[in-house]
Every structure is written in C-alpha cells, then in structure tokens.
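1. Need coordinates for the below:
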Amino acid sequence: MAIIRSARNIAPTLGENCFLADNAVVIGDVTMGKDCSVWWSAVVRGDVNAIRIGDRVNIQDGAVIHCTFEKSETVIGNDVSIGHNAIVHGCTVEDEVLIGMGAIIMDLAVVQKHVIVAAGAVVLENSVLESGWIYGGVPAKKIKPLDPDNRQFFITRTAGNYVKYAAWFK
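-> Numbering: from 1, shown residues only. Take a look at the predicted model:
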C-alpha cells in the first residue's frame with residue numbers, strides 16, 4: 001500500500017480516480033486532481049512547501065516532486081507526464097507538457113504549455129521554457145518547434161494512456 005503521510009499537520013488531498021502504486025510516497029501539503037497516477041518508487045513530498053497537481057498527471061517510476069522551504073512551491077498543470085526518474089523541484093509546469101525520463105526542472109523555472117523537455121535535460125533555476133518547443137541538453141535549450149502531430153502523439157496520447165494504464169491496477 002502506498003505511503004500517504006501528513007507533514008506539519010497537513011495531509012495530502014487526492015482527487016477522484018487516482019492511482020498510487022504500492023510503494024509510491026505522497027507526503028504533506030499535496031493536492032492532486034482527478035485521474036492522476038503516482039507510479040512505483042515515485043515520491044511527491046510536500047513537507048516544506050505546497051505541491052499542486054492538476055488532472056490526468058502521471059508521475060512515473062522513480063520520479064521525485066519536491067519544493068523549497070520558504071522559497072518555491074511546485075505547481076503542475078493538467079495532462080502532464082513526468083517521465084521515469086525525473087526531478088521536478090519548486091517550479092511551475094503548465095498544462096500539456098511532457099517531462100522526459102531523467103530530466104531535472106529546478107526552482108522557479110516555468111515550463112509553459114505544449115512543451116517537451118527531452119530525456120536527461122536540465123532546466124536551470126529561473127528559466128522560462130517557451131510554449132510550442134522541444135527543449136533538451138544541459139542546460140536545456142530550444143531544440144526545435146513542437147509540431148501539432150508530435151504534440152498529439154507525445155503529450156496528449158501519453159497523458160491519456162496513463163489514465164488507462166492506472167485502471168489496469170485498480
């Protein structure tokens with residue numbers, strides 16, 4: 001059974017139809033929308049600041065969502081996929097974004113809607129990733145525009161698929 005724990009007297013709030021894998025961890029000031037999933041060994045740790053997660057967000061295996069005390073909360077929009085072993089820390093990720101496997105998003109960064117952050121990319125503190133682009137590298141830079149077909153295939157389809165995958169485990 002997943003670990004769901006209060007911190008600083010604040011308990012997580014989960015929306016309807018959420019799936020938490022057996023060893024997923026959700027702690028503290030976390031609000032999660034509907035149809036979200038937190039997969040094996042993923043950690044959503046709202047112990048030092050707030051974490052707000054929209055609808056149909058999937059936090060894949062080994063990912064870490066955290067924030068910074070008295071500095072930066074984490075806000076994640078709707079239809080966001082956070083890849084395996086990614087770190088999303090004290091930043092804003094707007095709607096319809098894919099964060100690739102092993103990517104790192106640092107404090108106070110803003111990832112605007114309709115962005116793909118490539119696997120292994122590092123988004124530095126205070127960066128703003130402009131809507132409609134694929135970003136990659138260390139530090140992350142614009143790679144190429146995100147065309148509508150890739151947006152549909154990689155962002156919309158992935159978010160929808162993870163709602164389906166989660167249903168297999170309920």
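2. residues touching the nearest residue to Val163 once chain neighbours are set aside, list them.
-> Nearest residue to Val163, sequence neighbours excluded (C-beta to C-beta, 6 or more residues apart in numbering): Asp35, at 4.9 Å. (Each C-beta comes from the backbone N, C-alpha and C, glycine too.) By C-beta atoms under 8 Å, 6 or more residues apart in numbering, the contact list for Asp35 reads Gly15, Glu16, Asn17, Cys18, Asp55, Arg56, Val163, Ala166.
3. got a markdown table for the residues you listed, with secondary structure too?
-> Formatted as a markdown table, those follow (DSSP: H, G, I helix; E, B strand; the rest coil):
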| residue | secondary structure |
| --- | --- |
| Gly15 | coil |
| Glu16 | coil |
| Asn17 | coil |
| Cys18 | coil |
| Asp55 | coil |
| Arg56 | coil |
| Val163 | helix |
| Ala166 | helix |
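4. sorry, back to before: quick check: phi and psi on the residue nearest to Val163?
-> Phi and psi for Asp35, reported as degrees, to the nearest 10, are phi 60, psi 30.
5. So Val111 versus Glu94, what's the distance?
-> 6 Å (C-beta to C-beta, to the nearest Å).
6. and these two? which has more neighbours close in?
-> When Val111 and Glu94 are compared for neighbours, Val111 comes out ahead with 29 against 19, by other C-beta atoms under 10 Å.
7. looking at this protein, which helix or strand is least sure?
-> Lowest on mean pLDDT, DSSP states H and E among the helices and strands of the chain sits helix 148-150, with a mean of 92.
8. which other helices and strands contact it?
-> Secondary-structure packing of helix 148-150 (3 or more C-beta pairs under 8 Å, 6 or more residues apart in numbering; DSSP states H and E): no helix or strand packs against it.
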